[in-house]
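build me a model from this:
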Amino acid sequence: MIPSPSHTLFPIRPGSRFTSLLLTLLFCAFSATAAPKKILLIAGSRSHGAGEHEFRAGCLLLQSCLKAARGVVVEVATNGWPSSDSAFDGVSAVVIYSDGGSGHPAIQPERLKKLRELMSRGVGLGCAHYAVEAPKGELGDAFLDWIGGYFEMFWSVNPHWTARFGDLPKHEILRGVKPFQINDEWYYHMRFRPEMKGVTPLLSALPPAETLNRPDGPHSGNPAVRAAIAKGEPQPLMWCVSRADGGRGFGFTGGHFHKNWQDENFRKVVLNAILWIAKAKVPKLGVESHLAPGEIDWRLDAKP
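Numbering: from 1, shown residues only. Down below sits the predicted model:
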């Protein structure tokens with residue numbers, strides 16, 4: 001005869017020390033066997049000269065730096081988009097590091113449809129450098145929803161300058177990141193959601209007046225940005241959002257020069273952001289990554 005629960009050798013009573021131990025062991029067993037979160041990095045096609053817009057090399061470097069991160073597996077798709085939609089199966093986050101504007105990889109209707117499907121399921125989305133630029137309209141509106149903001153022509157600008165990041169706010173993405181400064185093609189005066197609703201600035205700086213020395217144009221200047229800088233308004237260069245659909249997003253405007261990935265803080269803030277949008281645990285000191293001598297120059301595309 002099978003004994004009743006009241007006659008078992010080790011009775012389980014709510015709140016007992018045995019019950020607490022059993023639940024702890026079950027939780028540990030579940031955590032050990034839980035499937036890792038899948039992250040897909042999409043690298044754009046070749047663009048610009050040597051050492052600039054090295055999307056493939058940059059994504060492969062970030063993938064290598066995330067190998068030690070617990071609970072994630074990172075895959076890289078090159079040439080602007082995965083060769084098969086199966087690359088998106090089971091994905092927790094997608095990061096696009098590519099050209100943008102009219103040449104944005106996501107601008108094609110079937111690809112935008114795929115992203116809409118993923119976002120509706122709460123998948124995270126990150127866009128780096130030129131990939132934050134989208135044409136005003138369907139893709140721009142989607143980016144407002146998915147990552148909180150984007151580069152809008154005749155509103156945003158793309159000068160090269162040294163941004164100085166001093167007082168950093170408290171956020172998981174900034175764990176272990178120390179104040180730093182670096183020269184890059186830092187886009188600013190982005191088109192954000194009205195009143196910055198739900199948008200959290202992460203890296204902000206005040207661009208010097210000489211960043212607007214060029215005449216007005218689609219990427220170089222306009223009356224609105226000139227007024228903002230004249231007023232001394234700090235500009236968010238990296239930001240994040242938690243979306244209503246349960247997903248997360250971030251935008252990072254740096255990443256023009258491949259050599260900048262050599263900087264530990266520059267690298268760490270993006271690595272942390274990738275884990276954050278995938279809802280993976282960001283270590284207390286951020287993602288620690290160490291580059292081998294010369295590793296920054298591995299896998300560079302053959303360019304003039």
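
how about the strands in the stretch 51-200 of the chain?
Counting by DSSP state E, counting those that start in this stretch, the stretch 51-200 of the chain has these strands, from start to end: 72-77, 91-97, 124-128, 149-150, 161-165, 180-184, 191-192, 199-205.

nearest to Pro215, of the ones you listed?
Ranking the strands of the stretch 51-200 of the chain by proximity to Pro215 (CB to CB) places strand 161-165 first, at 17.3 Å. Just so you know, the C-beta spots here come from the backbone N, C-alpha and C atoms, and that holds for glycine as well.

I'd like the mean pLDDT over that closest one, please.
Regarding strand 161-165, the rounded mean pLDDT is 98.

identify each buried residue in it, please.
Residues of strand 161-165 classed as buried under the neighbour-count rule (16 or more other CB atoms under 10 Å) are 163, 165.

show me what it is packed up against.
strand 180-184, strand 199-205 (3 or more CB pairs under 8 Å, 6 or more residues apart in numbering; DSSP states H and E).

still on that earlier bit, need the strands of the stretch 51-200 of the chain in JSON lines (columns: distance to Phe257).
What follows is the strands of the stretch 51-200 of the chain, written out as JSON lines (distance: least, CB to CB, whole Å):
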{"stretch": "strand 72-77", "distance to Phe257": "20"}
{"stretch": "strand 91-97", "distance to Phe257": "13"}
{"stretch": "strand 124-128", "distance to Phe257": "13"}
{"stretch": "strand 149-150", "distance to Phe257": "21"}
{"stretch": "strand 161-165", "distance to Phe257": "12"}
{"stretch": "strand 180-184", "distance to Phe257": "6"}
{"stretch": "strand 191-192", "distance to Phe257": "24"}
{"stretch": "strand 199-205", "distance to Phe257": "16"}
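
just say which of those is most tucked in.
Sort those by mean neighbour count, taking mean count of other CB atoms under 10 Å, and strand 124-128 sits at the top with a mean of 28.

from Ile274, how far out is the residue nearest the centre of the chain?
When CA atoms, centre = their mean is applied to the chain, the residue found nearest the centroid is Gly126 (3.6 Å). The gap separating Gly126 from Ile274 is 6 Å, by CB to CB, to the nearest Å.
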